[in-house]
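# Everything below, folded, please.
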Amino acid sequence: MTTTTLAVLVPLLPFLGAAAGLLLGRTAPGFVRPLAVLPTLAALALAAVVAVRQGGGAAIDSATELTPTGSVPVELALHIDGFAALVAVLVGFVATCVQIYSTGYLRDDPRYPSYAALVSLFTSAMLLVVYSGDLIVLLVGWEVMGICSYFLVGHYWETPEARAASIKAFLVTKLGDVPFLIGLFALATDAGSFRITKVLGTVASGDLHHPTLIALLLLAGVAGKSAQFPLHTWLPDAMAGPTPVSALIHAATMVAAGVYFVARLLPVFEASSAAMVVLAVMAAVTMAGSGLAALAQDDIKRVLAYSTIGQLGYMTGALAVGDRGAAVFHLLSHGAFKALLFLAAGVIIHASGTNSLAAMSRMGNLRARVPDAFWTMTVALLALAAIPPFSGFFSKESVLGAAEHAATEHTSHIPGAAGWIVLVAGLLAALLTAAYATRLWLLAFNGRGVEAPDHGRQPVAMNAVLWVLAVPSLALGGLAYRVLPDWFDGRDLTPTLTTSVLGTGVALAGGILTYGAWRHTTALAARAPMGAVAAHPEGDAGLVEAEAIASHTAAYGDVASAPDPGDPGRLLLGPLHRHAASGFHLDAVYGALFVRPVMAAASLVRFLDREVVDTYVGGAGTLPRLLGAAVRRAQTGNLQTYVSALLAGTVVLTVAVLLVATGA
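Numbering: from 1, shown residues only. As a prediction, this is how the structure comes out:
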């Protein structure tokens, strides 16, 4: 079987599995789980074969005209280079893990058949984006992922949070997709084709006429899909969906699509220095802002959501300095350990039998309750914090090394300012990442919260997936920089000394600082209850907590700024905590700038429609109605009245004729 045929089957198999799952979900429920897992697993195996055959060498291209358009043709095309081959393996791997994990996590969910089918369709759409060699076909997968995310985030539609989150995710991403679509058409107009190879050829020959405008339009769609500032606000709210969906979206689909798109069309963006600086600033603000917000969250899934935003910022930062190898390397590494983080969080939530334990301040005695989640999440958090020798160290160091090279070695197409912006923001983000990763580990597994009821050992499928994902989280980085350079444009991925020392140093500083703050706040919390219990012999928990917080208010200004007992986040952020916890009030800003004006305009339109348009329409109908009423009154049914009217009319007509004749 040819490589092209195998590549066509990779996105096709999950699609067929989704269709079969929807058709057989009610009539043959016993087939639902095999149809969820086996097609995705087969797609993973075929993607691995395609990657081995491609081998990081020349790209595999194949195309056939999809339909005649009369102008710019639309083709069903494949373009599989080293990046596409590896990203497809990541998508298949994570999707398979999620499907297997979901068989245990959602085993009692009555809507599991539709859920599993949507996950398969989601996977198929992302694989279509990865392998597509035509921008219109890529756009199809891009939009199918958007509608799948809408349904999956809103899986628990009975809750208002899930309904609101699904609508918000859909609308915010569509807000970016409008200029994205315009940018695609403008790009195809300049290139005369939607084929990616022809577009890149046009850029290489210098025939792209509007590079800055096109790049900025495309960046709007990328910011929405990959949750980058300022269109990132949908991703933390999307945690209302099932945890396996969060793992899929954050690790291998949806948010990865924007980064992958820029990596595939990087020469288009490099044609505009202004676009590269905008991309660098967007990445820098995203990295710093998401790190501060993650340090202030109490919900474990929202911490991980802001973490994803920041790690995607690293990837866009690497692209801003012209190194798509570093960006895709971190995309692969991040996909493994972020999927592990979310699925381990799902084990913690599942162990409590409720989503309420997502609040870290309420977690207690979990280390002994969920040992598999404890050990695997520890591995993933070390990878997230970029501590050697875990995978995140190598991939994040490649980003920092690329930024340092761009800042010091000026090139014609990469502004030096972009390099410095990404480097400084990347080091700050490394400090914050280690801080919130340490805080999450301390609060989740060493917290003093109320212990939830023990719902027994977790399903084997869930725990097994955690250990499978722990392997690449630990070993992928060290393996990749030795084995995979051919897939990354031949770039040497060996860590450099300067950025390795700086990155690891600030990460260790962030972890140590957070641990010290945790010890300090824990000691204060331990002393406060003793005095409170002495004053309140009955040991009322509410009074104890009130006195513990009140004892710090004088030192920290107000209750919002005072550290919670045992939470180092408030102590580290101080007065900034309240703003960081709310995502720096961006939702409120967007509400004031966009939502309220739109609602006011809608109210005005409704008023005009009801009071003005309806009045005119009603008035237009009133006159005929009055005339009809007058005519109706003349219809009395009295024969004498009709004869009298007929004679009167005859007399009037006779007189009129005589007058006309006389005048003539």
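# all helices for the stretch 251-400 of the chain, in order.
Shown for the stretch 251-400 of the chain, the helices assigned by DSSP state H, counting those that start in this stretch span residues 255-264, 266-270, 273-294, 300-320, 324-352, 371-384, 391-408.
# Put together a markdown table for those helices, with distance to residue 129 on each row.
In this view, the C-beta of every residue, glycine as well, is placed from N, C-alpha and C. Below are the helices of the stretch 251-400 of the chain laid out as a markdown table (distance: least, C-beta to C-beta, whole Å):
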| stretch | distance to residue 129 |
| --- | --- |
| helix 255-264 | 5 |
| helix 266-270 | 16 |
| helix 273-294 | 20 |
| helix 300-320 | 16 |
| helix 324-352 | 13 |
| helix 371-384 | 25 |
| helix 391-408 | 21 |
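# Out of those helices, flag the one nearest residue 476.
The minimum distance between residue 476 and those falls on helix 391-408, with 4.2 Å, by C-beta to C-beta.
# The closest one to helix 273-294, inter-axis angle?
140 degrees (axes from the mean of the first three to the mean of the last three C-alpha atoms, to 10 degrees).
# what about helix 391-408, distance to the chain center?
24 Å (C-alpha atoms, centre = their mean, to the nearest Å).
# Please apply the same query to stretch 506-524.
Centre to centre, stretch against its chain (C-alpha atoms, centre = their mean), the figure for stretch 506-524 is 30 Å.
# same check, this time on stretch 430-440
21 Å.
# try stretch 1-10
For stretch 1-10, the distance to the chain centre is 29 Å (C-alpha atoms, centre = their mean).
# List the buried residues for that stretch?
Within stretch 1-10, the residues that count as buried by 16 or more other C-beta atoms under 10 Å are 3, 7-10.
# contact partners of that stretch?
43, 46-47, 49-50, 53-54, 60, 62, 78, 80, 88, 92, 127, 131 (C-beta atoms under 8 Å, 6 or more residues apart in numbering).
# Check the residues you listed against residue 427 and report the nearest one.
Residue 427 has its nearest neighbour among the contacts of stretch 1-10 in residue 88, at 32.3 Å by C-beta to C-beta.
# Between the helices of the stretch 251-400 of the chain, which one is closest to residue 164.
It's helix 300-320; of the helices of the stretch 251-400 of the chain, that one is closest to residue 164 (C-beta to C-beta) at 14.7 Å.
# returning to what we had before: export the helices of the stretch 251-400 of the chain as JSON lines, with columns for mean neighbour count.
Listed next are these as JSON lines, based on neighbours: other C-beta atoms under 10 Å:
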{"stretch": "helix 255-264", "mean neighbour count": "26"}
{"stretch": "helix 266-270", "mean neighbour count": "22"}
{"stretch": "helix 273-294", "mean neighbour count": "23"}
{"stretch": "helix 300-320", "mean neighbour count": "28"}
{"stretch": "helix 324-352", "mean neighbour count": "27"}
{"stretch": "helix 371-384", "mean neighbour count": "23"}
{"stretch": "helix 391-408", "mean neighbour count": "26"}
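# Figure out which of the ones you listed is closest to residue 624.
Using C-beta to C-beta, these put helix 255-264 closest to residue 624, at 58.4 Å.
# Would you mind getting the angle between that closest one and helix 300-320?
Using the same axes, to 10 degrees, helix 255-264 lies at 0 degrees relative to helix 300-320.
# what packs against helix 255-264?
Contacts defined by 3 or more C-beta pairs under 8 Å, 6 or more residues apart in numbering; DSSP states H and E place helix 255-264 against helix 82-105, helix 112-131, helix 135-153, helix 211-225, helix 300-320, helix 324-352.
# returning to what we had before: next step: the buried residues of stretch 1-10 restricted to strands.
Assigned to strands by DSSP state E, none of the buried residues of stretch 1-10 qualify.
# of those, closest to residue 636?
Nearest member of these to residue 636, counting by C-beta to C-beta, is residue 8, at 82.0 Å.
# how near is that closest one to residue 46?
10 Å (C-beta to C-beta, to the nearest Å).
# ditto for residue 358
36 Å.
# Pick out whichever of those two has more residues nearby.
A count of neighbours by other C-beta atoms under 10 Å puts residue 46 above the other of residue 358 and residue 46, at 24 against 21.
# on that earlier part again, please produce a markdown table containing the buried residues of stretch 1-10, extended by distance to residue 307 and pLDDT.
Formatted as a markdown table, those follow (distance: C-beta to C-beta, whole Å; pLDDT from 0 to 100):
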| residue | distance to residue 307 | pLDDT |
| --- | --- | --- |
| 3 | 36 | 89 |
| 7 | 33 | 94 |
| 8 | 35 | 94 |
| 9 | 34 | 95 |
| 10 | 29 | 96 |
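# Let me have those residues in JSON lines, extended by distance to residue 297.
Putting those into JSON lines (distance: C-beta to C-beta, whole Å) gives the following:
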{"residue": "3", "distance to residue 297": "45"}
{"residue": "7", "distance to residue 297": "40"}
{"residue": "8", "distance to residue 297": "42"}
{"residue": "9", "distance to residue 297": "41"}
{"residue": "10", "distance to residue 297": "36"}
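# Looking at these, which are in helices?
Members of these lying in helices (criterion: DSSP state H): 3, 7-10.
# Mind checking the helices and strands packed on helix 255-264 for the one nearest to residue 437?
Within these, the stretch nearest residue 437 is helix 300-320; the backing value is 7.8 Å (C-beta to C-beta).
# Residue 129 and residue 494, how far apart?
Residue 129 is 30 Å from residue 494, where distance means C-beta to C-beta.
# neighbour count winner among these two?
Legend: neighbour count by other C-beta under 10 Å for residue 129 and residue 494, higher for residue 129 (29 against 13).
# close enough to count as contact, that one and residue 143?
No: between residue 129 and residue 143 there is no contact under C-beta atoms under 8 Å: 10.1 Å.
# Run a quick neighbour tally on residue 510.
For residue 510, the neighbour count with other C-beta under 10 Å is 26.
# packing partners for the one helix or strand it maps to?
Taking DSSP states H and E as the definition, one finds residue 510 inside helix 497-535. Packing partners of helix 497-535 (3+ C-beta pairs under 8 Å, 6+ apart): helix 391-408, helix 416-446, helix 541-556, helix 568-573.
# Please name whichever of the ones you listed is nearest to residue 642.
helix 541-556 (91.0 Å).
# Poorly predicted segments of this protein, please.
Scanning the chain for pLDDT under 70 picks out 352-357, 364-365, 412, 447-456, 481, 528-566, 664.
# Within the helices and strands, which one has residue 157?
Judged by DSSP H and E, residue 157 forms part of no helix or strand.
# contacting residues around stretch 201-216?
179, 183, 186-187, 190-192, 267-269, 271-272, 274-275, 278.
# measure it end to end?
20 Å (C-alpha to C-alpha, to the nearest Å).
# How far does it sit from its chain's centre?
With C-alpha atoms, centre = their mean, you get 28 Å for stretch 201-216.
# Name the residues of that stretch that come out as buried.
202-203, 208, 210-211, 214-216.
# okay if I get those as JSON lines plus distance to residue 137?
Below are these laid out as JSON lines (distance: C-beta to C-beta, whole Å):
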{"residue": "202", "distance to residue 137": "19"}
{"residue": "203", "distance to residue 137": "20"}
{"residue": "208", "distance to residue 137": "21"}
{"residue": "210", "distance to residue 137": "23"}
{"residue": "211", "distance to residue 137": "23"}
{"residue": "214", "distance to residue 137": "19"}
{"residue": "215", "distance to residue 137": "21"}
{"residue": "216", "distance to residue 137": "24"}
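# Among the residues you listed, find me the one that's closest to residue 314.
The closest of the buried residues of stretch 201-216 to residue 314 turns out to be residue 215 (C-beta to C-beta; 20.1 Å).
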